[in-house]
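Colleague: A predicted structure for the sequence below; I have some questions about it.
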Amino acid sequence: MKDRAYQPYGGKRGMSLWKKLLCLCLVLAAACYLALETVVLVNAHDDVEGQPGAMVILGAQLQEQGPSLFLQRRLERALAYLETHPDVLVVVSGGQGPDEPDSEANGMEAFLRDRGFAGTILKEDQSHNTKENLKNSKELLARNGYDVARGVILVSNDFHLARCRLLGTRFGYGVSTLAADSDHLWYKIYNFLREPVGLVKSFALDW
């Protein structure tokens with residue numbers, strides 16, 4: 001049996017071009033994700049400028065027993081502000097999904113009335129996502145003589161406010177925000193981690 005020809009050790013081989021490009025793409029993707037997550041976190045707080053004359057409370061799931069926990073927290077945060085600003089024009093925005101007993105707008109109005117809010121409530125009950133919430137609410141407010149450029153408080157859960165601000169600004173709102181807490185720790189972490197994807201989707205597609 002012949003011995004194999006001697007081959008001198010040439011040192012470790014470097015990564016192929018494709019592997020280098022893949023690593024570069026992964027690094028860039030991680031950097032973009034972290035930048036977007038920072039945007040989500042930076043916007044997850046109350047930010048009310050001046051004296052806005054209107055408020056839009058964005059809908060979330062309505063259950064048989066009433067608003068889901070996320071929606072209840074939005075409504076409670078709105079009520080806390082309305083206690084000292086009872087003349088603000090309120091829009092409750094949310095349609096009815098296939099697994100909901102009624103429109104989110106109807107459930108939200110009932111919740112506010114049951115807790116003593118006696119001010120003006122306009123119901124927008126056709127929307128099914130954030131883009132529709134804001135576009136439809138803008139049209140509803142315009143029909144009632146209010147220009148959203150004058151200032152509107154958008155009320156949603158803390159993790160959702162960066163997207164609300166993005167779309168509100170795009171649709172001509174003078175944007176202020178109220179941040180409702182998310183309570184359950186794991187839901188909070190999950191939604192904060194997934195929201196950068198929603199932010200990219202809204203930036204690219206929600207016009």
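Modeller: Ah, there it is. As the structure is a prediction and not an experimental result, all values here were calculated from the model. Numbering: from 1, shown residues only.
Colleague: which of the helices or strands spans Gln156?
Modeller: Not Gln; residue 156 is Ser. Taking DSSP states H and E as the criterion, the element that holds Ser156 is strand 152-157.
Colleague: what segments of the chain are helices?
Modeller: In the chain, the segments counted as helices under DSSP state H are 17-42, 69-82, 104-114, 130-143, 161-170, 185-205.
Colleague: so which bits of the third one are buried?
Modeller: What it means is helix 104-114. Neighbour counts using 16 or more other Cβ atoms under 10 Å place 104-109, 111-112 of helix 104-114 among the buried residues. C-beta: built from backbone N, CA, C; applies to glycine.
Colleague: quick one: average pLDDT of that helix?
Modeller: Throughout helix 104-114, pLDDT has a mean value of 98.
Colleague: kindly report the same for the last one.
Modeller: Over the span of helix 185-205, the pLDDT mean works out to 91.
Colleague: just for this structure, where's the confidence low?
Modeller: Low-confidence segments of the chain, defined by pLDDT under 70: 1-14.
Colleague: that older thread, tell me the helices and strands packed up against the strand holding Ser156.
Modeller: Under the contact definition 3 or more Cβ pairs under 8 Å, 6 or more residues apart in numbering; DSSP states H and E, strand 152-157 sits against strand 54-58, helix 69-82, helix 161-170, strand 175-180.
Colleague: figure out which of those is closest to Val39.
Modeller: Val39 lies closest to helix 161-170 among the helices and strands packed on strand 152-157, at 5.3 Å (Cβ to Cβ).
Colleague: hmm, back to that, next one: the strand holding Ser156 to chain centre, how far?
Modeller: Taking Cα atoms, centre = their mean, to the nearest Å, the mean C-alpha location of strand 152-157 is offset from the chain mean by 9 Å.
Colleague: format the CA atom coordinates belonging to it as CSV.
Modeller: Once non-C-alpha atoms are left out, strand 152-157 reads as follows in CSV (Å, rounded to 0.1, in the frame of the first residue of the first chain):
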residue,chain,number,x,y,z
VAL,A,152,-55.1,64.0,19.9
ILE,A,153,-54.1,61.8,22.8
LEU,A,154,-53.6,58.2,21.6
VAL,A,155,-54.2,55.7,24.4
SER,A,156,-52.8,52.2,24.2
ASN,A,157,-50.5,49.8,26.0
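Colleague: partners of that strand, with directions?
Modeller: In the sheet, strand 152-157 lines up against strand 54-58 (parallel), strand 175-180 (parallel) (DSSP bridges).
Colleague: can you report how many residues lie near Gln126?
Modeller: Residues near Gln126, counting by other Cβ atoms under 10 Å, number 15.
Colleague: phi first, then psi, for the closest residue to it other than its chain neighbours.
Modeller: For Gln126, the nearest residue in space outside its immediate sequence neighbours is Gly95; the separation is 5.1 Å by Cβ to Cβ, 6 or more residues apart in numbering. The main-chain torsion angles of Gly95 are listed as degrees, to the nearest 10 and equal phi -90, psi -160.
Colleague: residue contacts, Gly95?
Modeller: Shown in contact with Gly95 (Cβ atoms under 8 Å, 6 or more residues apart in numbering): 59, 103-105, 125-128, 132.
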